[in-house]
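[1] My questions are about this predicted structure, shown below with the sequence.
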Amino acid sequence: MKRTQVGIRFLLASLIVSGFAGVLWFSHSVAAAEQPAPAAKLAAATTDNDGALFIAFVSVLRSPRCMNCHSQGDFPRQGDDGHRHTMDVRRGPTGSGVTSEKCSTCHQDHNLDGAHLPPGAPDWRLPPAGMPMIWQGLTDAQLCESIKDPKQNRNRNIDQLVEHLTEDKLVMWGWNPGEGRTPVPMPHDEFAAKVKQWQAAGAPCPAK
């Protein structure tokens with residue numbers, strides 16, 4: 001009789017322990033299923049930040065210092081208000097002007113001293129007619145895709161594009177545009193760092 005009671009007690013204890021272990025296992029499994037894996041978390045975070053990386057520096061590209069040469073039409077623009085260039089200046093096939101009215105007629109490789117006198121930088125020009133790189137009117141997503149597209153950016157890969165954006169002397173002019181003009185709205189070091197952060201992430205674009 002005593003042996004039977006001991007056996008029953010042992011069986012009950014075993015069932016209780018097994019049930020408790022089962023509950024713990026089930027709870028852990030449900031919790032694990034509810035929590036995304038680290039890779040999934042990273043992917044979600046990356047997706048959430050895709051647009052932010054480009055938008056963090058897009059204000060520079062939309063500055064008049066850039067947009068005046070990347071605007072709609074076959075001519076450059078002037079001023080912070082982006083009005084059409086005076087003297088009927090036009091793009092020309094290479095972006096350097098037409099006939100005798102070349103960009104270099106007035107624009108040298110440096111700014112002239114004095115308010116609103118002709119600005120200058122090496123190889124002053126518009127993008128060429130065959131690849132005018134017009135950004136005006138584009139959404140952030142379209143602008144991002146445009147500057148990455150070799151068919152629209154003079155056949156640059158991402159590394160070459162980043163070098164152009166951060167080191168090209170004509171682009172750098174935007175931070176020193178001459179007296180009477182507003183520089184681009186971000187320090188160059190900050191802009192370069194943000195562009196390279198975007199590059200390191202794979203140059204993602206905002207969602208369309």
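    Happy to help now that I have it. Numbers count the residues shown, from 1 in each chain.
[2] how about low-confidence regions in the protein?
    Residue ranges of the chain with pLDDT under 70: 1-49.
[3] which stretches of it form strands?
    Ranges of strands in the chain, per DSSP state E, are 77-78, 83-84, 97-98, 101-102.
[4] partners of the second one, with directions?
    To tie it back to what came earlier, the one meant is strand 83-84. Here strand 83-84 is paired, per DSSP bridges, with strand 77-78 (antiparallel).
[5] Redo the strands of the chain as a markdown table? Include distance to Asp50.
    In this view, the C-beta of every residue, glycine as well, is placed from N, C-alpha and C. Output for the strands of the chain, formatted as a markdown table (distance: least, CB to CB, whole Å):
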| stretch | distance to Asp50 |
| --- | --- |
| strand 77-78 | 31 |
| strand 83-84 | 35 |
| strand 97-98 | 39 |
| strand 101-102 | 42 |
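[6] Point out the one among those that comes closest to Asn111.
    Nearest to Asn111, of all the strands of the chain, is strand 77-78, at 14.2 Å by CB to CB.
[7] List the contacts of that closest one.
    Outside of strand 77-78, the residues within contact range by CB atoms under 8 Å, 6 or more residues apart in numbering are 64, 67-69, 71, 83-86.
[8] Now the residue most central in space within the chain: closest residue in space, sequence neighbours ignored.
    Nearest to the geometric centre of the chain sits Phe54, at 2.4 Å (CA atoms, centre = their mean). Sequence neighbours aside, Cys144 is the residue nearest to Phe54 in space, at 4.9 Å (criterion: CB to CB, 6 or more residues apart in numbering).
[9] okay but the one you found is in contact with Cys205, surely?
    Yes - taking CB atoms under 8 Å as the definition, Cys144 is a contact partner of Cys205 at 3.6 Å.
[10] got the residue ranges for the helices in the chain?
    For the chain, applying DSSP state H gives helices covering 2-34, 38-55, 58-61, 64-67, 140-148, 158-167, 169-172, 188-200.
[11] Between Cys144 and Cys205, point out the one with more neighbours.
    Cys144 (24 against 20; other CB atoms under 10 Å).
[12] show me what contacts the more buried one?
    Going by CB under 8 Å, 6+ apart, Cys144 touches 54, 58, 203, 205-206.
[13] now, among these, which is nearest to Gly174?
    The closest of these to Gly174 turns out to be Val58 (CB to CB; 13.9 Å).
[14] Distance of the closest one relative to Asp123?
    Using CB to CB, to the nearest Å, we find Val58 at a distance of 25 Å from Asp123.
[15] One more: Asp189?
    Taken as CB to CB, the span from Asp189 to Asp123 is 24 Å.
[16] Same drill for these two, tell me which one is more crowded.
    Each of Asp189 and Asp123 has its neighbours counted (other CB under 10 Å); Asp123 has more, 13 against 9.
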